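Visitor: below are the sequence and a predicted model for it; my questions follow.
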Amino acid sequence: MCGIVTYLGKQQALPLLLEGLKRLEYRGYDSAGIAVMDGQPVRLMKSVGKISELEARIDPVKFNGTAGIAHTRWATHGKPNEANAHPHFSCDRKLFLVHNGIIENYLPLRRELEAAGHKFVSETDTEVLVHLVEANKKSGLDLTAAVQHALRRVVGTFGIAVLDQDEPGVIVVAKRGSPLIIGIGNDEILAASDVSAFVRLTKQVVYLNDNDVATLRRGDYSIVSIEGPAEVEREVETVDISAEALEKRGFKHFMLKEIHQQPDTVVNAVRGRLLPEEGVSRLGGIEPVLERLKSARRLSIVSCGTSFYAGQYGRYVFEALTNLETDVALASEFRYRSVRFDEKSVVLALSQSGETADTLAAIREAKRKGALVLGIVNVVGSSIAREAGAGVFMHAGPEIGVASTKCFTSQSIIMVLMALLLGRYQNLTFNEGLRILRAIEEMPKHIQDMLDRQEQMLEIARKYHKAKNFLFIGRKYNYPIALEGALKLKEISYVHAEGYAAGEMKHGPIALIDESFPTMAVVPQDETYDKMISNIQEIKARNGKVIAVASEGDREIRKVVDDVFYIPRTLDLITPLLAVIPLQLFAYYTADLHGREIDKPRNLAKSVTVE
Ligand code: M6R
């Protein structure tokens with residue numbers, strides 16, 4: 001949700017900033033801009049559309065300079081146009097500022113600044129920031145102090161970077177509620193919303209805390225709080241991401257690469273965490289809170305989007321394997337509920353990015369009320385990873401396609417491990433535990449088997465991709481998979497799709513069914529099979545077309561439905577984590593047949609850092 005990158009060093013800033021912006025494009029891509037400085041007046045270029053469009057408009061000769069800030073936008077306040085694109089500038093065009101987040105009190109601030117003579121040229125909330133800094137500089141403060149004073153007036157969230165023509169060797173960055181990370185190179189220093197923007201140059205990073213204001217100089221930096229003059233220390237950490245992990249490696253899209261990575265990402269999620277000799281799992285990240293977890297009575301899973309559907313799957317798993325009363329909440333709705341927490345309550349946040357603003361707000365609320373907060377997160381160093389009391393990393397590597405795929409399976413499998421660990425202290429037997437572990441060990445082979453047959457899904461997508469609407473149905477563990485399949489299809493192909501619990505069909509949605517409205521039914525041979533067949537028959541009786549995701553060897557299903565994709569047989573509990581793979585492929589191929597921008601679907605951004 002907007003990406004920031006800055007560079008200050010000895011190399012030309014422009015190519016490094018453009019490279020960084022391309023890495024951050026998943027965060028938003030409706031417009032972009034760059035400001036570069038080198039003793040001469042700051043040069044500024046903004047453009048509507050993708051980074052490539054910005055790049056095409058820049059003359060590199062004119063944009064020479066070794067300091068600069070850049071931004072890729074996901075619009076919140078104001079349409080995607082050049083005026084609203086960042087960097088924003090002060091009235092004297094000496095200060096340039098980029099921002100990720102939302103300034104909630106921008107309207108009163110804007111009125112005040114306009115009354116004082118400041119001229120605004122955009123509709124954004126951001127622009128007040130640069131004018132506030134300008135007003136403070138006019139009163140004689142240096143850039144760092146002017147930024148501190150400005151941010152004290154602000155209600156909302158921000159990651160910002162500011163360039164000042166009067167202080168050419170300095171870039172000031174600050175954050176509250178939006179991520180911002182400093183990269184420390186050799187006589188050069190960078191900052192970005194995500195380390196992927198600069199990981200090719202340096203792996204030495206400092207994660208800024210909320211309310212930190214950092215002054216960056218070539219090869220040097222210092223940090224103060226928004227409130228005070230005293231310097232604060234932040235640890236320098238080494239990140240473990242290779243530049244290759246950020247490439248498509250021969251796949252047409254990142255999404256397809258990430259679907260295909262799942263045999264490996266499942267292995268990475270469980271590596272060192274399976275103890276077959278004891279029929280249990282080991283999760284080092286939650287060992288420090290294990291005693292509290294063992295005595296917990298209630299578990300609330302909070303998350304958004306695909307992570308929410310993983311949470312719905314997780315609820316069935318925790319209920320099946322443990323004694324925990326489990327509920328799952330959309331993080332954005334969590335604050336409106338009057339959930340009572342005590343020392344027996346656990347809140348589990350699921351998040352690929354670890355930056356989703358709603359999920360972050362939910363865990364802060366839960367912490368305030370005394371719950372133990374755990375996280376299952378992919379991005380190490382992210383806000384949720386740092387704010388959760390304990391947790392488990394997915395180790396899935398960067399997920400770049402906006403549609404989440406490999407992290408759905410990773411976070412789901414980690415919930416199985418968590419439930420198994422707890423369940424073994426409760427009623428779960430060694431043999432039951434061992435069967436789950438064996439099924440997990442077989443997952444990579446099973447996923448690979450389905451990926452080797454991906455052409456079958458391409459054929460199915462060819463047959464159905466012109467349908468304007470789709471229904472996805474499933475029961476029990478596979479109900480969340482139906483929801484996830486529908487979300488995948490709509491977000492990347494823009495085909496309307498709804499996920500439903502199959503039992504709900506006759507309570508309303510079956511009215512939609514006719515020969516033009518196909519249904520994808522997740523129908524493995526488990527305890528829900530007979531009821532699913534009845535639901536399918538009801539659809540067929542109304543001329544609806546049905547594609548089944550069914551268990552290998554189920555010959556009967558062919559007599560009932562129009563098309564079948566077979567999935568390998570495994571435990572009922574693990575089946576949905578296989579069933580989701582063909583649904584990911586179906587969404588991918590349908591979107592590709594429609595010629596969609598699969599990795600960057602319209603109106604979306606990878607991490608949603610505004611509430
Ligand atoms: O990073 P998170 O897991 O917290 O993100 C949550 C959702 O924004 C995310 O899953 C979104 O729904 C994806 N576009 C789904 O593919």
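Guide: Thanks, I have the structure now.

Visitor: residues near the closest residue to Lys94 other than its chain neighbours, how many?
Guide: Distance criterion CB to CB, 6 or more residues apart in numbering; nearest residue to Lys94, sequence neighbours excluded, is Gln165 at 4.2 Å. Yep, even glycine has a C-beta here, placed from its N, CA and C like the rest. Counted with other CB atoms under 10 Å, residues neighbouring Gln165 total 18.

Visitor: show the contacting residues for Gln165.
Guide: Counting by CB atoms under 8 Å, 6 or more residues apart in numbering, Gln165 touches Met37, Pro41, Val42, Lys94, Leu95.

Visitor: by pLDDT, give me the weakest of those.
Guide: In terms of pLDDT, the lowest of the contacts of Gln165 is Pro41, showing 87.

Visitor: what's the neighbour count on it?
Guide: 10.

Visitor: could you say which helix or strand holds it?
Guide: When elements are defined using DSSP states H and E, Pro41 is found to belong to no helix and no strand.

Visitor: now do the one 3 residues further on
Guide: Under the criterion of DSSP H and E, Leu44 resides in strand 43-48.

Visitor: same question for Lys445.
Guide: Here Lys445, judged by DSSP H and E, is contained in helix 430-452.

Visitor: what comes into contact with that helix?
Guide: Residues outside helix 430-452 that contact it (CB under 8 Å, 6+ apart): 259-260, 262-264, 266-267, 270, 274-276, 278-281, 321, 409, 413, 416-417, 420, 423-424, 565, 567-568, 570-571, 573-574, 577-578, 581-582, 585.

Visitor: ok, which pair from the contacts of Gln165 is furthest apart?
Guide: Distances among the contacts of Gln165 were taken as CB to CB; the most separated pair is Pro41 and Leu95, at 12.4 Å.

Visitor: residues near Gly389, how many?
Guide: Neighbour number of Gly389 under other CB under 10 Å is 18.

Visitor: and it, what does it touch?
Guide: Taking CB under 8 Å, 6+ apart as the criterion, Gly389 is in contact with Val289, Lys367, Leu372, Val373, Leu374.

Visitor: in strands, which of those residues appear?
Guide: Secondary structure from DSSP state E places Leu372, Val373, Leu374 of the contacts of Gly389 in strands.

Visitor: how about a markdown table for those, with neighbour count, distance to Lys468 and pLDDT added?
Guide: A markdown table is the format used below for those (neighbours: other CB atoms under 10 Å; distance: CB to CB, whole Å; pLDDT from 0 to 100):
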| residue | neighbour count | distance to Lys468 | pLDDT |
| --- | --- | --- | --- |
| Leu372 | 22 | 46 | 95 |
| Val373 | 25 | 42 | 96 |
| Leu374 | 25 | 41 | 97 |
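
Visitor: how about TSV for those, with distance to Thr238 added?
Guide: Formatted as TSV, the entries for these read as follows, by distance: CB to CB, whole Å:
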residue	distance to Thr238
Leu372	29
Val373	26
Leu374	25
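
Visitor: and which of these is nearest to Glu556?
Guide: Proximity of these to Glu556, judged by CB to CB, is greatest for Leu374, which lies at 42.6 Å.

Visitor: okay, and the beta partners of that closest one?
Guide: The bridge-partner assignment for Leu374, based on DSSP bridges, gives Leu348, Ala390.

Visitor: list the contacts for it?
Guide: Taking CB under 8 Å, 6+ apart as the test, what Leu374 contacts is Ile286, Val289, Leu293, Val346, Val347, Leu348, Ala349, Ala388, Gly389, Ala390, Gly391, Val392.

Visitor: now Ile223
Guide: The contact partners of Ile223, by CB under 8 Å, 6+ apart, come to Val206, Leu208, Asp212, Val213, Ala214, Thr215, Glu231, Val232, Glu233, Arg234.

Visitor: in ChimeraX, how would I select just the buried ones from those residues?
Guide: Entered in ChimeraX, the line below selects the buried ones among the contacts of Ile223, by 16 or more other CB atoms under 10 Å:
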select :206,208,212,213,214,215
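
Visitor: list phi and psi for whichever residue of the stretch 151-300 of the chain sits closest to the ligand.
Guide: Scanning the stretch 151-300 of the chain for proximity to the ligand using CB to the nearest ligand atom identifies Met255 as nearest, at 9.2 Å. Summarising the backbone geometry of Met255 under the convention degrees, to the nearest 10, its torsions are phi -60, psi -40.

Visitor: roughly how far apart are it and Lys506?
Guide: Using CB to CB, to the nearest Å, one gets 35 Å for the distance from Met255 to Lys506.

Visitor: those two: which is more packed in?
Guide: The neighbour comparison of Met255 against Lys506 (other CB under 10 Å) goes to Met255, with 28 against 12.

Visitor: okay, the more buried one: pLDDT?
Guide: You'll see Met255 listed with a pLDDT of 97.

Visitor: look up how far Arg200 lies from the closest residue to it other than its chain neighbours.
Guide: If the residues on either side of it in the chain are set aside, Met255 comes closest to Gly401, at 3.5 Å by CB to CB, 6+ apart. When CB to CB is the yardstick, Gly401 and Arg200 sit 20 Å from each other.

Visitor: so which of these two has more stuff around it?
Guide: Counting neighbours by other CB under 10 Å for Gly401 and for Arg200 shows that Gly401 has the greater number, 24 against 15.

Visitor: what helix or strand does that one sit in?
Guide: In this structure, Gly401 is located outside every helix and strand according to DSSP H and E.

Visitor: residues contacting it?
Guide: Tyr26, His253, Phe254, Met255, Lys257, Glu258, Ile598, Asp599.

Visitor: can you tell me the SS state at the residue nearest to the second one when sequence neighbours are not counted?
Guide: Across the structure, with CB to CB, 6+ apart as the measure, the residue nearest His253 apart from its sequence neighbours is Ile598 (4.6 Å). At Ile598 the chain is in coil, as set by DSSP: H, G, I helix; E, B strand; the rest coil.

Visitor: list the contacts of Ile598.
Guide: For Ile598, counting by CB under 8 Å, 6+ apart, the contacting residues are His253, Met255, Leu256, Gly401, Ala403, Ile492, Tyr588, Ala591, Asp592.

Visitor: just to revisit the earlier point, buried set for the helix holding Lys445?
Guide: Within helix 430-452, the residues that qualify as buried by neighbour count (16+ other CB under 10 Å) are 432-434, 436-437, 439-440, 442-444, 446-451.

Visitor: then stretch 264-281?
Guide: For stretch 264-281, burial by neighbour count (16+ other CB under 10 Å) applies to Thr265, Val266, Asn268, Ala269, Val270, Arg273, Leu274, Leu275, Gly279, Val280, Ser281.

Visitor: show me which residues of the stretch 301-450 of the chain sit near the ligand.
Guide: Those residues of the stretch 301-450 of the chain that sit near the ligand, judged by CB under 6 Å from any ligand atom, are Cys304, Gly305, Thr306, Ser307, Ser351, Gln352, Ser353, Thr356, Thr359, Val402, Ala403, Ser404.
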